[in-house]
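Trainee: Provide a 3D model corresponding to the input given below.
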Amino acid sequence: MSARNILIPALPLSLSLSLFLLGNAVAGTTIDLSAEANRPAANDLARATVFAEITSPAAGESAKKVNALIAEAVATAKTYPKIRVQTAGTHTYPVYAKGGGRIEAWRMRSDITLETADTAALSELLGKLQASLGVSGITLAPSPETRRKAENEALLDAIAAFKARAKLAADALGKPYRIKQMSLGGQSYRPPSPLMRAAPMAAMEAAAPMPVEAGESQVSATVSGQIELAD
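Mentor: Just a heads-up that it's a prediction; the model follows:
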């Protein structure tokens, strides 16, 4: 079979030029940007953990004493209707004699968690409970509602800051721009340090209310994205 030549008709010049420009078009210059904003959030939720701890020669004796202390503390806490009370766990440990081997006593510990938005009531209650219980920690943080409100406000601030930064960059280069991509999120908050980590029961006395200063936490939000400058 003899070979045949196939002729392809030439494209019109205008169409050829359009295809060339389309094939060689390049996107405008892109710039990556990010912005962050912070809002204060009131620490309107307080949580304290108190504990009873007894060491006795017999495990049953430790349990009896601890249970009595916890029952008394729960009854006292329930006289404060704005404070939520929850038992948080009980643990019993053997106490070994020096040199190891022989168990000479049993130590039992039981915790109670107290949670409230009324810091004045919590302060007063802790003052009463310190007569017989230790305080292992107090933390203050925004309630879920307060934190969510601050996060939303911080996010709006971060978006405004992103747009301002985008305009600044585009104006500096003398070009219009459009937002090509944007990611919202990264909300977080920085809680304050615990007011108290631990206090031995030997140091506790029936006392005046424990000072509790709520203060604020900082809630932050971040926005990142990309803008495209027109050529």
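Trainee: what mean pLDDT would you report for stretch 36-47?
Mentor: In this model, stretch 36-47 has a mean pLDDT of 92.
Trainee: Okay, and the beta partners of Ser34?
Mentor: As for beta bridges, Ser34 partners with Ser224 under DSSP bridges.
Trainee: how close does it get to Ile159?
Mentor: Per C-beta to C-beta, to the nearest Å, Ser34 is found 12 Å from Ile159. Where C-beta positions appear, they are placed from N, C-alpha and C, glycine not excepted.
Trainee: the more surrounded of those two?
Mentor: Neighbours per residue (other C-beta atoms under 10 Å) separate Ser34 from Ile159, with Ile159 holding more: 17 against 14.
Trainee: can you tell me the helix or strand for Ala46?
Mentor: In the assignment (DSSP states H and E), Ala46 maps to strand 45-56.
Trainee: now the strands: where do they sit in this structure?
Mentor: Applying DSSP state E to the chain gives strands spanning 30-42, 45-56, 84-96, 103-116, 134-141, 177-190, 216-229.
Trainee: Just the CA atoms of the fifth one, as PDB, please.
Mentor: In this case it means strand 134-141. The C-alpha coordinates for strand 134-141 follow below in PDB (Å, rounded to 0.1, in the frame of the first residue of the first chain):
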ATOM      1  CA  GLY A 134      -7.000  20.100 101.800                       C
ATOM      2  CA  VAL A 135      -7.200  22.100  98.600                       C
ATOM      3  CA  SER A 136      -5.300  20.500  95.800                       C
ATOM      4  CA  GLY A 137      -6.100  23.100  93.100                       C
ATOM      5  CA  ILE A 138      -8.300  26.000  92.000                       C
ATOM      6  CA  THR A 139      -8.600  27.000  88.300                       C
ATOM      7  CA  LEU A 140     -10.500  29.800  86.700                       C
ATOM      8  CA  ALA A 141     -11.600  29.900  83.100                       C
END
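Trainee: Determine the set of other helices and strands touching the helix ranked longest in the chain.
Mentor: Counting residues, the longest helix found in the chain (DSSP state H) is helix 144-173. Helix 144-173 sits against strand 30-42, strand 177-190, strand 216-229, with contacts defined as 3 or more C-beta pairs under 8 Å, 6 or more residues apart in numbering; DSSP states H and E.
Trainee: Would you check the distance separating the shortest one from the middle of the chain?
Mentor: It refers to strand 30-42. Centroid separation between strand 30-42 and its chain, computed with C-alpha atoms, centre = their mean, to the nearest Å, is 17 Å.
Trainee: Specify the residue ranges that define each domain of this protein.
Mentor: 28-44+142-200+214-231, 46-141 (automatic domain parsing).
Trainee: Worst mean pLDDT among these?
Mentor: domain 28-44+142-200+214-231 (a mean of 85).
Trainee: Tell me the residues that contact both of Ser34 and Ile159, please.
Mentor: Shared contacts of Ser34 and Ile159, defined by C-beta atoms under 8 Å, 6 or more residues apart in numbering, are found at Val223.
Trainee: now the strands of the chain in JSON lines, with distance to Ile70?
Mentor: Shown next, in JSON lines, are those (distance: least, C-beta to C-beta, whole Å):
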{"stretch": "strand 30-42", "distance to Ile70": "32"}
{"stretch": "strand 45-56", "distance to Ile70": "5"}
{"stretch": "strand 84-96", "distance to Ile70": "7"}
{"stretch": "strand 103-116", "distance to Ile70": "5"}
{"stretch": "strand 134-141", "distance to Ile70": "12"}
{"stretch": "strand 177-190", "distance to Ile70": "33"}
{"stretch": "strand 216-229", "distance to Ile70": "31"}
